[in-house]
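A.B. asks: give me the fold of what follows.
(one chain, ligands or ions: 7)
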Amino acid sequence: MKFLVIAALFSTVVAGLSTSKVCVVPAAGNSSIDDTPAVLKAFDQCGHGGKILFENTTYHINSVMKTTGLKDVEIDLKGTLLWSTNVSYWLNHSLPVGYQNQSTAWVFGGKNVRFNGHGYGTFDGNGQTWYNACGSVSNYPGRPHALTVSETSDSEFTGLRFVQSQMWTLSIIHSRNTIFEHIYVNSTSVHASSRNTDGADTIYSSHITFRNWEVDNGDDSISLKANSTDILIEDSLFHRGLGIAIGSIGQYKDTYETIQRCYGVEGTGYRDLTVYHFFGDGGELHVFEVPASRSSVQEFEWDNYQC
Ligand SMILES: *[C@@H]1O[C@H](CO)[C@@H](O)[C@H](O)[C@H]1NC(C)=O
Ligand SMILES: *[C@@H]1O[C@H](CO)[C@@H](O)[C@H](O)[C@H]1NC(C)=O
Ligand SMILES: *[C@@H]1O[C@H](CO)[C@@H](O)[C@H](O)[C@H]1NC(C)=O
Ligand SMILES: *[C@@H]1O[C@H](CO)[C@@H](O)[C@H](O)[C@H]1NC(C)=O
Ligand SMILES: *[C@@H]1O[C@H](CO)[C@@H](O)[C@H](O)[C@H]1NC(C)=O
Ligand SMILES: *[C@@H]1O[C@H](CO)[C@@H](O)[C@H](O)[C@H]1NC(C)=O
Ligand SMILES: *[C@@H]1O[C@H](CO)[C@@H](O)[C@H](O)[C@H]1NC(C)=O
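C.D. replies: Ligands and ions are numbered 1, 2, ... in the order given. This is a model prediction of the structure:
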């Protein structure tokens, strides 16, 4: 009995401490030393009710990462996460995203997560290697997205810079009530094409806000894919990329997919509005002449553009 009381007290103390626990991620500062184990350890120790701090230095990310089930956590990125260019490693090890045949370098997920880059915290995918290796091949199997935000809710990502993403920059899947703001994306290639370097893609997600994005890339600036609902894009600037893409949906024979209530509001500058793979038909848009029974796009508005 006495033991139980002590055990109960102890767990209370631990819970109390953990709310203010801070894990500072050490960096080895050597590209041949993988900082991934240190990153994963910090998420393990401080991923529930704690704070994870990346200092103003370069972290070498040489392995895939999966940090899911996080809760009430603050992540401060003051330096650069630099992904390695071991193409054969990444092709063999990148993690499934859960959509098409896509895969990723980092699966990240949680509830009430605040991820802050303060306007300078950077994800550097070392993408030139990928643009050279895969340039003309679309959706090269195993080529990783930079970051996949999966099963995430009630969260905020702010002040982050994504440069030279390996492939798609940010895939957002099975997530809701999450805001991504003050985000800079630049995936441009010197010679080869930087095809497939989408800025962000939403999939099976709802109530997602993109605010104050700046994207310069070689593919969709932001793309709303299968089952994207209640998406708001505002105060954003898109440079060389293709603009906003709606789709692809309705590409699988026995799957019904939809895109609804997506808005781009005043103050958003864009180079172009691209609606891929669709043609209009009485207010509805269809993909690849796929029957409406398999796909629909409803209430999509973009400045003066409506469908
Ligand atoms: C980086 O790490 C490798 C492998 O541990 C070592 O051989 C090399 O000397 C280190 N380089 C520096 C600059 O410390
Ligand atoms: C990060 O460190 C570099 C030099 O090590 C410095 O020039 C830069 O101002 C620092 N950045 C921030 C945001 O503190
Ligand atoms: C690339 O990764 C593989 C493991 O998948 C490893 O055997 C190989 O040494 C790595 N190559 C380089 C150049 O680091
Ligand atoms: C990747 O997998 C292939 C076989 O699927 C194998 O031949 C190759 O050595 C692997 N490369 C690495 C770096 O693990
Ligand atoms: C899916 O990716 C695997 C390797 O990750 C590849 O072998 C396969 O051909 C790809 N399938 C399609 C349809 O692209
Ligand atoms: C993106 O990067 C390229 C190459 O460094 C640069 O020329 C371009 O100005 C950048 N775009 C933006 C919008 O900062
Ligand atoms: C996509 O939405 C449709 C219509 O609401 C639904 O039937 C389908 O199950 C959804 N698919 C996924 C994978 O959530």
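A.B. asks: most proximal residue of this protein with respect to ligand 7?
C.D. replies: residue 227 (3.8 Å; C-beta to the nearest ligand atom). Backbone N, C-alpha and C define where each C-beta goes, glycine included.
A.B. asks: what about that residue, distance to residue 204?
C.D. replies: According to C-beta to C-beta, to the nearest Å, residue 227 and residue 204 sit 5 Å apart.
A.B. asks: and residue 91, by the same measure?
C.D. replies: 25 Å.
A.B. asks: settle it for me: which of these two has more neighbours?
C.D. replies: residue 204 (19 against 16; other C-beta atoms under 10 Å).
A.B. asks: the more buried one contacts residue 176, doesn't it?
C.D. replies: No. Using C-beta atoms under 8 Å as the test, residue 204 is too far from residue 176 to be in contact (9.5 Å).
A.B. asks: quick check: residues of this structure near ligand 4?
C.D. replies: Neighbours of ligand 4 within the chain, by C-beta under 6 Å from any ligand atom: 88, 89, 92.
A.B. asks: wait, is the second one part of a strand?
C.D. replies: No. In this structure, residue 89 is helix, not part of a strand, as judged by DSSP: H, G, I helix; E, B strand; the rest coil.
A.B. asks: who's in contact with it?
C.D. replies: Listed by C-beta atoms under 8 Å, 6 or more residues apart in numbering, the contact set of residue 89 reads 62, 63.
A.B. asks: per-residue confidence at it?
C.D. replies: On pLDDT, residue 89 comes in at 98.
A.B. asks: what about it, distance to residue 117?
C.D. replies: As judged by C-beta to C-beta, residue 89 and residue 117 stand 26 Å apart.
A.B. asks: next: the first one.
C.D. replies: Relative to residue 117, residue 88 is positioned 30 Å away (criterion: C-beta to C-beta).
A.B. asks: next, residue 117: secondary structure please.
C.D. replies: Going by three-state DSSP: residue 117 is strand.
A.B. asks: got the buried residues for stretch 120-133?
C.D. replies: By neighbour count with 16 or more other C-beta atoms under 10 Å, stretch 120-133 contains the buried residues 121, 122, 123, 124, 125, 126, 127, 128, 129, 130, 131, 133.
A.B. asks: stretch 36-44 now?
C.D. replies: Those would be 36, 38, 39, 40, 42, 43, for stretch 36-44 by 16+ other C-beta under 10 Å.
A.B. asks: check stretch 171-184 too.
C.D. replies: Here stretch 171-184 shows 171-178, 180-184 as buried, counting by 16+ other C-beta under 10 Å.
A.B. asks: that one and ligand 7 in contact?
C.D. replies: No. If you take C-beta under 6 Å from any ligand atom as the test, stretch 171-184 misses ligand 7, and the best it gets is 7.9 Å.
A.B. asks: may I have that stretch exported as PDB, CA atoms only?
C.D. replies: Output of stretch 171-184 as PDB, limited to C-alpha atoms (Å, rounded to 0.1, in the frame of the first residue of the first chain):
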ATOM      1  CA  SER A 171       3.000  16.600 -47.600                       C
ATOM      2  CA  ILE A 172       0.100  17.000 -45.200                       C
ATOM      3  CA  ILE A 173      -1.900  13.900 -44.800                       C
ATOM      4  CA  HIS A 174      -4.700  12.700 -42.400                       C
ATOM      5  CA  SER A 175      -4.400  16.000 -40.600                       C
ATOM      6  CA  ARG A 176      -6.700  18.800 -39.400                       C
ATOM      7  CA  ASN A 177      -7.000  22.100 -37.700                       C
ATOM      8  CA  THR A 178      -3.400  23.000 -38.400                       C
ATOM      9  CA  ILE A 179      -1.800  26.200 -39.600                       C
ATOM     10  CA  PHE A 180       1.400  26.700 -41.700                       C
ATOM     11  CA  GLU A 181       2.500  30.300 -41.700                       C
ATOM     12  CA  HIS A 182       5.500  32.400 -42.600                       C
ATOM     13  CA  ILE A 183       6.900  29.600 -44.700                       C
ATOM     14  CA  TYR A 184       9.600  30.100 -47.400                       C
END
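A.B. asks: let me have the buried residues of stretch 171-184 in a markdown table, extended by pLDDT.
C.D. replies: As requested, the buried residues of stretch 171-184 are exported to a markdown table (pLDDT from 0 to 100):
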| residue | pLDDT |
| --- | --- |
| 171 | 98 |
| 172 | 98 |
| 173 | 98 |
| 174 | 98 |
| 175 | 98 |
| 176 | 98 |
| 177 | 98 |
| 178 | 98 |
| 180 | 98 |
| 181 | 96 |
| 182 | 97 |
| 183 | 98 |
| 184 | 98 |
